[in-house]
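Engineer: the amino acid sequence is not available; the structure is as follows:
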């Protein structure tokens, strides 16, 4: 059995430094989380497709994490998170 992790031990961190010199600071803890992953499929069917069945290839993928939790609205990490979102930064 894998080690269990207690919810209060899980923190959401934001890099308030740079990519070269990261400075990870906690935005806050969370109580519940779910990770979602999805990938588009691209139709690559042609008249030559075997058996006249559709053929597909993997396209772009994405992931997201949803958390129920507590954050510190006045913190530096929170300000960086909001700024990055509003300025469309990674």
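Structural biologist: Arrived safely, thanks for sending. Model, not experiment: these values are computed from the prediction.
Engineer: how about the host helix or strand of residue 14: buried residues?
Structural biologist: Applying DSSP states H and E as the criterion places residue 14 in strand 11-15. Buried residues in strand 11-15, counting neighbours by 16 or more other Cβ atoms under 10 Å, are found at 12, 14-15. To be clear about C-beta, it is placed using only N, CA and C from the backbone, and glycine gets the same treatment.
Engineer: strands of this structure, start to end?
Structural biologist: Remark: strands assigned in the chain by DSSP state E are 11-15, 24-43, 56-69.
Engineer: so which of the ones you listed is nearest residue 76?
Structural biologist: With Cβ to Cβ as the measure, strand 24-43 is the member of those nearest residue 76 (6.1 Å).
Engineer: list the buried ones in that closest one?
Structural biologist: Residues of strand 24-43 classed as buried: 25, 27-30 (neighbour count, 16+ other Cβ under 10 Å).
Engineer: which one of the strands of the chain lies closest to residue 86?
Structural biologist: With Cβ to Cβ as the criterion, residue 86 lies closest to strand 11-15 of the strands of the chain, at 13.8 Å.
Engineer: which neighbouring elements make contact with the closest one?
Structural biologist: Other elements packing on strand 11-15 under the criterion 3 or more Cβ pairs under 8 Å, 6 or more residues apart in numbering; DSSP states H and E are strand 24-43, helix 76-86.
Engineer: cool, thanks, signing off.
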